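Enquirer: kindly return the folded structure for what I paste below:
(2 chains)
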Amino acid sequence: MSKTKNASAKKAPRAEWELRLYVAGQTKKSLVALQNLRRICDEHLPGKYEIEVIDLLKNPQLAAGDQILAIPTLVRKLPAPMKKIIGDLSNAERALVGLDLRPAN
Amino acid sequence: MPGSRAPANRGRRTNNKPSVPRALEKCPTGIAGFDELTQGGLPRGRPTLICGGPGCGKSIFALEFLLRGALHYGEPGVFVSFEETPEDIRKNVASLGFDVSSLVAKKLLVVDHVRVERSEIEETGEYDLDGLFIRLGYAIDSIGARRVVLDTIESLFSAFTNTAVVRAELRRLFGWLKEKGVTAIITGERGEGSLTRQGLEEYVSDCVVLLDHRVNSGISTRRLRVVKYRGSTHGTNEYPFLIDQLGVSVLPITSLGLTHEASNERVSTGIARLDSMLQGGYHRGSSILVTGTAGSGKSSIAAKFAEAACARGERCLYFAFEESPKQIVRNMRSIGIDLDLPMRRGALEIHSARPSLHGLETHLALMLRSITEKKVAAVVLDPITVFLQSGGVGDVHAMLVRMVDLLKMNKITAFFTSLTGGDQVAESTEVGISSLMDTWLLLRNLETFGERNRGLYVLKSRGTAHSNQIREFILTSQGIDLVDVYTGADGVLTGSARIAQEARESVAEAQRRAELADRERQFEQRRAALRAQIAALEAELERDAVAIENARSEQRTREQMTVALRRQLATRRSTDTASDDSTKRPRKRNGRNEARS
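Expert: Here you go, the predicted structure:
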C-alpha cells in the first residue's frame, strides 16, 4: 500500500497515538495541514505518535473506509474512540480540542 | 502500489469528456409516464435536482431511475446514499421486484453509503470536499457508471458547519458531474418558500423536478412537477403520480387537447327501445351520463351497457364505488342481467373501491392505468358523485375532465352515473360535468297517485336526432323495458295509473266495437229485407210481361182468324180475285194496285 509512514514515528513499534491524514495530492491545504499536524504533535505528543498520510488521488478506494468527504481530514485511530478533524488544522486550539488534548470550553 | 490504477480524476480538472452535447440528448428514466412528460427523460450528462418534502418519493424515484437504467438501458449506476444503508436500500426496492445484490454482483450498480456525523467531526481551518469527489469518481470509474444519484444533498449541509464551503463545493459538484458526462439525480429537501433549503441547487441544476405529497381531508395525493428543464420544452402542470408495487408511475394527463376523433359508429345501449330513442345507440367513444335520484335505476342502465359491450366481444371495466363486485352481480341478476358470465370470460372486470381509499388523483391514475393496460372499449363509473367526499367540486370536476378527455382519446365509450340529491334540480349535476357529456339520460321518479315510477328521457345527445319523449322505465326480472307513458288530458300517467287508464281505454274501445257490430248487423238485415222487396217487384214485373205477351199472341190469332173468315165469305160470294190480292199485300202495295187499277 502507499501509506507514507512518518520517519519520526518509526521508533516505537506501536505508537500510543495513531493518526491518519487524508489528502488529495500535494495541494497547499494538504501541505499546510501536514505541517500544522507535525507541529502540534511534536509539541504535545513528543515520541508518542505515528502519522500516516494517505493520498486519495493514489488510493481513492480508501476514502470509503473512514468515510472521508472533506480534504484534508485527520483521523485519530488511537487512542479510541475514533476522532475526525477536518481542515488544514490552522486553528491549533480547535485541533487540540478535536484530538482530546485540551478539554473543550 | 501507486500507479497500479489510473489516477482518479481530480474533481476540478476533469476534462476528458465533452461537457455539452451538441443537441440536448435525453436519458430515459424508464419511469412510466415521466419520459412522455419530459419528451424523452432527463437531460443526458447533466445533473437533475429532485426536490420535495420528506416522504414525497424522491429516493424511490432516483433509485428507480438507476435500477431501470441498469436493467433496461445497460447504463450502470452509482447510488450515493447519505442516509440509508445499502441493506435498507436493498430491502426498499425488493418490494418493487428489484434485486440490488445481483445488480451489484453484475457490476451494474454501486451503492455507496456515505455516513456523515457532525458530532464526530471537528472543523479546523480550510477544507474542501475532494474526498467526496474522489469517492464518487472512484465508484463511477469502477463500473463505468453512466448514471449517478446523490441522496440527499442536505446531509452535507448538516454535516459541515461552514456552509459557505459546502455551497461552493456543491456548485463545483454539479459542474464536476457535468464534466464527468454522467446523468445525475441529486435529491434535496424542500425548503421554506424555496425549492430547496439552501436555495442553490435549483439554480445549478439543468432540470428541476418537484415532488409533492399533499393531504386533503385525510387523503394523500402525490404530485410531480417539472419546474425547469434547460433546453427542452416540458409539461409544466402538476401531474399526479403513484408509488406502488410497479414503482413510480407518472400520469401526464392534464395536457390533453381536444383533438380526439369522432366516430360515427353506434354501440348498443343494451336496451332496444333506448337504442331506437337514440337512433341506434350511443356513439362509440362518446361519454354518457345518467343522472337520477336514489333508486331511479342508474346502475341498471350502466350494467346493461356493460353487458351489451361484453356481448359485442369488447372488454369493459366497471368501476364501482358503492358496491362490491359480488353485490353488483347478484343485484343485476335480479333484473335479468347476467354479469357473471362476462366476468368469468374475462370480458368484464368490476373494480370496487371506496372513494376514500385514495385521493382523487390516485383514483384517476389507478383507473387510467387499468384502462390503458387492459385495452378496454367500454368503461363504467358508478357513481361519480361519491368523489365529492374526497375532494371539492373543482377538484372532482378537473379530475373528470381529464378522465373524459383521456377516454375519448382512446376511443373508449364511457358511462358515468351521477346521483342527484332529492332536493336538487334534476337537470344539473353536482360536479357540473354535464357539459362534457355527449349523451345525458335523465332518470326521474314520477310520483303520482301514491306510487313512484321511473321515467327516462334523453336530455341531450350530441350528433343524434334523439327522441324527446319521456318513457316509463320498467325493471322486471326479464330485464329493462321502456314503454310509452300515457299522455292525455290527465297529464303524464305512469305505473298503475297508466295501466288503469289503458284499461279504461280498452273498455271504451270494446264498447265502441260492439256498437259498430250492432249497426253492421242492422244494416245487413235491412239490406236483406230490401233485396227481398226488389225480388218481389221483379217477379210482379215478370208476371206483367207474360200477360202482355199473351195478349199479343191472342191478338195475332184473332187477326188471322178474321182474314180466313173474310176469304171464306168472298169465296162464297164469288167476288173477283183482285180484291182478294189487295187483302194479301201490304197497305202500300194495295194502294199502288188500287191506283193502277
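Enquirer: can we go C-alpha only for contacts and neighbour counts from here?
Expert: Noted.
Enquirer: now B:S220: which helix or strand?
Expert: strand B:219-229 (DSSP states H and E).
Enquirer: output that strand as PDB, nothing but the C-alphas.
Expert: Output of strand B:219-229 as PDB, limited to C-alpha atoms (Å, rounded to 0.1, in the frame of the first residue of the first chain):
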ATOM      1  CA  ILE B 219     -56.400  11.600   1.800                       C
ATOM      2  CA  SER B 220     -53.000  11.900   0.300                       C
ATOM      3  CA  THR B 221     -52.100  12.700  -3.200                       C
ATOM      4  CA  ARG B 222     -48.700  12.600  -4.800                       C
ATOM      5  CA  ARG B 223     -47.900  15.200  -7.400                       C
ATOM      6  CA  LEU B 224     -45.000  15.800  -9.600                       C
ATOM      7  CA  ARG B 225     -44.000  19.000 -11.500                       C
ATOM      8  CA  VAL B 226     -41.100  19.700 -13.800                       C
ATOM      9  CA  VAL B 227     -40.100  23.200 -12.600                       C
ATOM     10  CA  LYS B 228     -37.400  23.700 -15.100                       C
ATOM     11  CA  TYR B 229     -35.700  21.900 -17.900                       C
END
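Enquirer: give me the residues contacting the next helix or strand after it.
Expert: Using DSSP H and E, the helix or strand that follows strand B:219-229 towards the C-terminus is strand B:238-244. For strand B:238-244, contacts defined as CA atoms under 8 Å, 6 or more residues apart in numbering or on different chains pick out B:57, B:96, B:221-226, B:248-254, B:361-362, B:365.
Enquirer: if you set the cut-off to 10 Å instead, what comes out?
Expert: With CA atoms under 10 Å, 6 or more residues apart in numbering or on different chains as the contact definition, strand B:238-244 has outside contacts at B:32-34, B:37, B:56-57, B:60-61, B:95-96, B:210-213, B:221-227, B:248-255, B:359-366.
Enquirer: how about stretch A:29-46 and chain B, touching?
Expert: Yes - counting by CA under 10 Å from any CA of the partner chain, chain B is contacted by stretch A:29-46 at A:29-30, A:32-33.
Enquirer: about what we covered before: buried subset of the contacts of strand B:238-244, written for ChimeraX?
Expert: A single ChimeraX command is used to select the members of the contacts of strand B:238-244 judged buried by 16 or more other CA atoms under 10 Å in any protein chain shown:
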select /B:32,33,34,37,56,57,60,61,96,210,211,212,213,221,222,223,224,225,226,227,248,249,250,251,252,253,254,359,360,361,362,363,364,365,366
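Enquirer: pLDDT and secondary structure for the residues of stretch A:29-46 next to chain B - can I get that in JSON lines?
Expert: Compiled in JSON lines, these are given as follows (pLDDT from 0 to 100; DSSP: H, G, I helix; E, B strand; the rest coil):
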{"residue": "A:K29", "pLDDT": "87", "secondary structure": "helix"}
{"residue": "A:S30", "pLDDT": "88", "secondary structure": "helix"}
{"residue": "A:V32", "pLDDT": "90", "secondary structure": "helix"}
{"residue": "A:A33", "pLDDT": "90", "secondary structure": "helix"}
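Enquirer: for these, which one is nearest chain B?
Expert: Within these, proximity to chain B (CA to the nearest CA) peaks at A:K29, which comes in at 7.1 Å.
Enquirer: quick one: low-confidence parts of chain B?
Expert: B:1-23, B:217-218, B:252-259, B:390-391, B:422-431, B:488-491, B:576-597 (pLDDT under 70).
Enquirer: let's go with 50 and repeat that
Expert: B:1-18, B:20-21, B:255, B:580, B:589-597 (pLDDT under 50).
Enquirer: let me see the contact set for the most centrally placed residue in it.
Expert: Against the mean C-alpha coordinate of chain B, by CA atoms, centre = their mean, the closest residue is B:A414 at 1.3 Å. Listed by CA under 10 Å, 6+ apart, the contact set of B:A414 reads B:282, B:284-289, B:302, B:305-306, B:316-318, B:377-381, B:403-404, B:407-408, B:437.
Enquirer: so which of these are in helices?
Expert: B:302, B:305-306, B:403-404, B:407-408 (DSSP state H).
Enquirer: which one (most neighbours) among those?
Expert: Within the ones in helices among the contacts of B:A414, most neighbours by other CA atoms under 10 Å in any protein chain shown means B:A306, with 30 neighbours.
Enquirer: once you drop chain neighbours, what's closest to it?
Expert: Nearest residue to B:A306, sequence neighbours excluded (CA to CA, 6 or more residues apart in numbering or on different chains): B:C316, at 6.3 Å.
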